[in-house]
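Participant: could you work out the structure for the sequence below:
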Amino acid sequence: MKRFPQTLWLVVLVAVLSSSFLMPRAFADDVPEEMKTISEYSILWGDPSESLESVRAASPERWKAVKIGDVIPEKPKDVTTAWIRLQLPSQIPKGYGLYIQGIYAQHLSVYIDQRLVKETKFDFNYDQQSSLFPISSEDEGHMVLMKSETSMGRLGITSIIKLDHYDVLLRTFVLGDLQNIILGSALLFIAVIVLIGSIFIKRVQRTDWVLVSTLFISLGIIFITYTPFMYESLTKYGALYSALFDISLVVFLPALTFYFERIFGKGKYKVIYWLRKSQTVYSVFVIICLFINILSDYGFNKFYFFVAVTILGFIMILQFSLLIGSSILLMFKGNKEAVIFSVGFASLAFMSTLDLILYYMNSQNKQIFLWKWGILGFIVALIVILGRRFAINQERIINYSKELEFYNRQLQQSEKMEIISQLAASIAHEVRNPLQVTRGFLQLVASRSDKKNQEYMMIAIEELDRASVIISDFLTFSKPQGEETKKLNLFEEFRQIEGIIFPLVALHSGRISVDVPEHLIIQGNSSKLKQVLINLIKNSIEAFQDDGVVDIWAYEKDEEVFIHIKDNGEGIEAAQLAQLGVPYYSTKTKGTGLGLMVSFQIIENMKGYIQFKSQKNLGTEVILRFPTNR
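Facilitator: All right, here's what the predicted structure looks like:
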């Protein structure tokens, strides 16, 4: 009997599902368990032109016995055909069938004696099949001969051979792969929802959403197209399924690395960044090879198998090993989000790596399945992270509104004091000199006047002295008295600043990257230093355009500590740079310029130096230098 017509598979599927809870779990309880499996088969390497009669008459020396569970024999070079021989039991109950869950072949023909009972042919680049066919009591003790042909690198049986009631085996055959189809469809549905949701968010956040959607689409297609049932039931679309599987796999790998990079950065020495770049290039190369192979009617199968399976497998092992190591390092840093992602991804990477190791240990002849469980863990981690990020962002916005109000009050107070300081500096110096001159003349006149006039002169001199004291008090604003200073650890200072400034970054849909070593020490006032740094970082955030980024890094050089704050915002023209720090000058429409003026004064009091570098539409970099204090 040849395979079912494709139009009947839906009927079969519905019938199997509807009867899955009504059908008895066993039809032949009186049949011993050992009679329900065939534990051994024989294989004979042949050629496509060899006839069924010549194979049946082949000498026993040509046949090689293989036990189920052992590594399948390695196919000789240039051999494309193998005959597999099975011995049926001497007693077969009525209504039985034979089921082979995994067999490598593109063209499979099954014979019992001279009768062709099933034939499946894949005219595309796919060689994993499941074979199910009925047997009757008339076939008791007979031989089953299977002619398997391939243009790829594998031939042989990879699973147990089951004998049971045909309806039981049919249910196993359908339901065994149905879970993959359901899970794959669910992933595609989630991906569509995420993709639609990305339309309604800001552009800078859209990249992450599209990446998650790409990962889910790739995984969904991989699950569905990895299922042998799809190729058995809809063979005419098999070439499409095979191509979609390969494309989804090579898209998933660099997308996964890119998502990892987006969350945790480029890694030390930009290892993650360069891995993603090289993976993208190789994925494009694999897709080009795929289309060339299809257009040449699969004339380059061996080369394509080497490129898309063998080499890609080693690249996956390298990728997963690298990301597992990075995940473990992130876990030790205590970041909760990193822990969640690392646990989920580590489950995927570990299961996939174990699958690949076992695959290559078995000469590329093992069915891989552990990766499915790893993917489930990874999906759960992604969902948890998305939910957690949403909740954390809401909490950060609330906290930020409170902190912003507090710092706005402090900033307003600071600007008011600075205004008084500037007014005092501009007025006091002009008034003090005339007062001193006037006081001197009054003393001179008093020495030459009578007693009554001297009394008046002394009153005038006392009032001038009181005015001088008032002016001196005003000058204390333009020349502040020394504040309490101490040794400051920049790592600790930035850790506190990062927690304060991050909600503002999130509100502007940007990202901030901080790389400050733990050993940098300077002398200064903690609150004043925070005031300066927060003001400079806030200026960078307010200059954001699309996909805003603020990079902050620090280092020690020539007994000085350097702090760089760089953004990719709108930038400042060269003529405006020279005016920065001048009272009441600002590049912002609503700015007063007093914030930078205060920052300049604080840095100067700390014996530091500030420098600006900027180009219009390319961003601005602020460089702070302070003497080191170990």
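
Participant: now do V516 against L488, distance only.
Facilitator: Using Cβ to Cβ, to the nearest Å, one obtains 12 Å as the distance from V516 to L488. Where C-beta positions appear, they are placed from N, C-alpha and C, glycine not excepted.

Participant: now swap in P76 and tell me
Facilitator: Counting by Cβ to Cβ, the gap from P76 to L488 is 73 Å.

Participant: more neighbours: which of the two?
Facilitator: Neighbours of P76 and L488, each counted by other Cβ atoms under 10 Å, are more numerous for L488; the result is 21 against 9.

Participant: dump the residue contacts of that one.
Facilitator: If you count contacts by Cβ atoms under 8 Å, 6 or more residues apart in numbering, L488 has them with 521-524, 526, 529.

Participant: any idea which element the residue positioned nearest the centre of the chain lies in?
Facilitator: Ranked by distance to the mean C-alpha position of the chain (Cα atoms, centre = their mean), the top residue is Y259 at 2.1 Å. Counting by DSSP states H and E, the secondary-structure element that holds Y259 is helix 238-264.

Participant: the contacts of L488 in strands, which ones?
Facilitator: 521-524 (DSSP state E).

Participant: confirm V514 sits in a strand?
Facilitator: Yes - the secondary structure assignment for V514 places it in a strand, going by DSSP: H, G, I helix; E, B strand; the rest coil.

Participant: burial count for it?
Facilitator: The burial metric for V514, expressed as a neighbour count using other Cβ under 10 Å, is 18.

Participant: quick check, it in contact with V549.
Facilitator: No - under the criterion of Cβ atoms under 8 Å, V514 is not in contact with V549, lying 11.9 Å apart.

Participant: thinking again about what came up before, and the contacts of L488, which is the shakiest by pLDDT?
Facilitator: For the contacts of L488, the least confident position by pLDDT is S526, scoring 82.

Participant: check contacts around that one.
Facilitator: With contacts defined as Cβ under 8 Å, 6+ apart, S526 is in contact with 486, 488, 493.

Participant: mind running it again at 6 Å?
Facilitator: With contact set as Cβ atoms under 6 Å, 6 or more residues apart in numbering, S526 has these partners: L488.

Participant: and the pLDDT for V309?
Facilitator: Looking at V309 specifically, the model assigns a pLDDT of 83.

Participant: checking my notes, it in a strand, right?
Facilitator: No - assessed with three-state DSSP, V309 is helix; it does not lie in a strand.

Participant: for E455, grab phi and psi.
Facilitator: Summarising the backbone geometry of E455 under the convention degrees, to the nearest 10, its torsions are phi -60, psi -40.

Participant: scratch that, I38 is what I was asking about
Facilitator: Dihedral angles (degrees, to the nearest 10) for I38: phi -110, psi 120.

Participant: now the helices for the stretch 351-500 of the chain?
Facilitator: Listed in chain order, the helices found in the stretch 351-500 of the chain under DSSP state H, counting those that start in this stretch are 370-447, 451-478, 490-507.

Participant: what is the mean pLDDT for the shortest one?
Facilitator: Yep, that's helix 490-507 we're talking about. 81.

Participant: which residues touch that helix?
Facilitator: Helix 490-507 has contacts (Cβ under 6 Å, 6+ apart) with 393, 396, 400, 403, 512, 514, 516, 518, 520, 530, 533, 537, 541, 554.

Participant: the helix or strand hosting V110: partners in the sheet, and parallel or antiparallel?
Facilitator: When secondary structure is defined by DSSP H and E, V110 falls within strand 107-112. With DSSP bridges as the criterion, the sheet partners recorded for strand 107-112 are strand 115-121 (antiparallel), strand 143-149 (antiparallel).

Participant: return the most buried member of those.
Facilitator: Stretch with highest mean neighbour count among the strands paired with strand 107-112: strand 143-149 (a mean of 20; mean count of other Cβ atoms under 10 Å).

Participant: so what strands line up beside the helix or strand following it?
Facilitator: Heading C-terminal from strand 143-149, the first helix or strand you meet, by DSSP H and E, is strand 156-157. Here strand 156-157 has these sheet partners by DSSP bridges: strand 96-104 (antiparallel).

Participant: thought K487 was touching I522?
Facilitator: No - counting by Cβ atoms under 6 Å, K487 sits too far from I522 to count as a contact (7.6 Å).

Participant: so these two - more neighbours on which side?
Facilitator: With other Cβ under 10 Å as the criterion, K487 and I522 differ in neighbour count, and I522 comes out ahead with 26 against 10.

Participant: got a list of what that one touches?
Facilitator: Here I522 is in contact with 488, 561, 626, 629 (Cβ under 6 Å, 6+ apart).

Participant: identify the residue nearest it in space, chain neighbours excluded?
Facilitator: Sequence neighbours aside, F626 is the residue nearest to I522 in space, at 4.4 Å (criterion: Cβ to Cβ, 6 or more residues apart in numbering).

Participant: ok, the one you found - contacts?
Facilitator: By Cβ under 6 Å, 6+ apart, the residues touching F626 are 522, 561, 608.

Participant: which residues of the stretch 151-300 of the chain score low on pLDDT?
Facilitator: For the stretch 151-300 of the chain, the stretches flagged by pLDDT under 70 are 204.

Participant: can you list the residue ranges for helices in it?
Facilitator: If DSSP H, counting those that start in this stretch is used as the criterion, the helices of the stretch 151-300 of the chain fall at 166-198, 203-225, 228-233, 238-264, 271-295.
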